[in-house]
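A.B. asks: how would this look folded up:
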Amino acid sequence: MRLENVTALVTGAGSGIGAAACAHFRREGARLLLTGRRERLGTAEPGDRYVPGDLNDEAFVEELARLAAESFGTVNVVVLNHGLQVSGPLTEMTHDDAKNVLHSNLLSAFLVMKHFAPLMPPAGGSFVCVGSRLGTVGKPEEVLYSAAKGGLVMLAKGAAIEWAPRNIRVNVVAPGLTATPVIEAAFRRRPDPEAYRRQREDQIPLRRLADPEEIADAILFLASPESSYITGAVLPVDGGYTAF
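C.D. replies: Numbers count the residues shown, from 1 in each chain. The predicted structure follows:
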């Protein structure tokens, strides 16, 4: 098993990509520490440890790191899968919108990296940040989200260089549009969901949405020893969307 004797923190594990990543990690032998805003996590399984809280709160992140050290000693892998997307014309976005998007996608990632890097063993570890195709290309009405995910890319690249002497690898998986419960629900709210879905699929060279398990495959690869010489990379898993 690729993650035998590995302890992994996974954020945003409640559904979609996060839940798929957790399932992959369990099959590969990892011990899981999970966190999110919900009081209870329906996708958690016996053996997982779930700690609810707000990753924008540094005091909570410090406490989460303390609990991880107390329970597991070290943490080998951190998957940063949480985030928030607020869409709309830039001129209609509020200061609170900007703060919420930047905090949820970028600054909270910084806090987790800051407090969990010291828990990684002398042999090193792996941070896998779940970014977005919109972290490298722009899109109307997604300006704040693109800015936050682009910042996450540069946070990962800088940390990868800074922590390379400690053999801590930091990489980004950049998913394209993925058939998660959130996206499927958003499609259903459209006047003609099927026509809207086809329109979105036509923008993707492979002409379909990703399955969450396909994104989880990439996360597992960057978390495992198979990617031991990869750091500071952005891996697009977007059906060719950013190949134009």
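A.B. asks: identify the residues contacting the residue lying closest to V182 once chain neighbours are set aside.
C.D. replies: Excluding the flanking residues, the one nearest V182 by C-beta to C-beta, 6 or more residues apart in numbering is G16, at 6.5 Å. C-beta: built from backbone N, CA, C; applies to glycine. Applying C-beta atoms under 8 Å, 6 or more residues apart in numbering, we find G16 in contact with 178, 180-183, 212.
A.B. asks: what's the PyMOL syntax to select whichever of those are buried?
C.D. replies: Applying 16 or more other C-beta atoms under 10 Å to those, the buried members can be selected in PyMOL as follows:
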select buried, resi 178+180+183+212
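A.B. asks: in a markdown table, list the contacts of G16 along with pLDDT.
C.D. replies: Below are the contacts of G16 laid out as a markdown table (pLDDT from 0 to 100):
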| residue | pLDDT |
| --- | --- |
| T178 | 97 |
| T180 | 94 |
| P181 | 92 |
| V182 | 90 |
| I183 | 93 |
| P212 | 97 |
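A.B. asks: identify, from the contacts of G16, the entry nearest to A148.
C.D. replies: V182 (16.7 Å; C-beta to C-beta).
A.B. asks: what does the domain assignment say about the chain?
C.D. replies: Under the assignment automatic domain parsing, the domains of the chain span 7-175+211-237, 178-209.
A.B. asks: just those domains: most buried one?
C.D. replies: domain 7-175+211-237 (a mean of 19; mean count of other C-beta atoms under 10 Å).
A.B. asks: start and end of that one, how far apart?
C.D. replies: 25 Å (C-alpha to C-alpha, to the nearest Å).
A.B. asks: give me the residue at the spatial middle of the chain.
C.D. replies: N81 (2.3 Å; C-alpha atoms, centre = their mean).
A.B. asks: which is the next helix or strand following the helix ranked longest in the chain?
C.D. replies: In the chain, taking DSSP state H as the definition, the longest helix is helix 143-163. Beyond helix 143-163 on the C-terminal side, the first helix or strand identified by DSSP states H and E is strand 168-175.
A.B. asks: now do the helix or strand that that following strand is followed by: which elements does it pack against?
C.D. replies: Helices and strands here follow DSSP H and E; after strand 168-175, the next one along the chain is helix 181-188. Under the contact definition 3 or more C-beta pairs under 8 Å, 6 or more residues apart in numbering; DSSP states H and E, helix 181-188 sits against helix 16-27, helix 193-201.
A.B. asks: right, I'll call it a day here.
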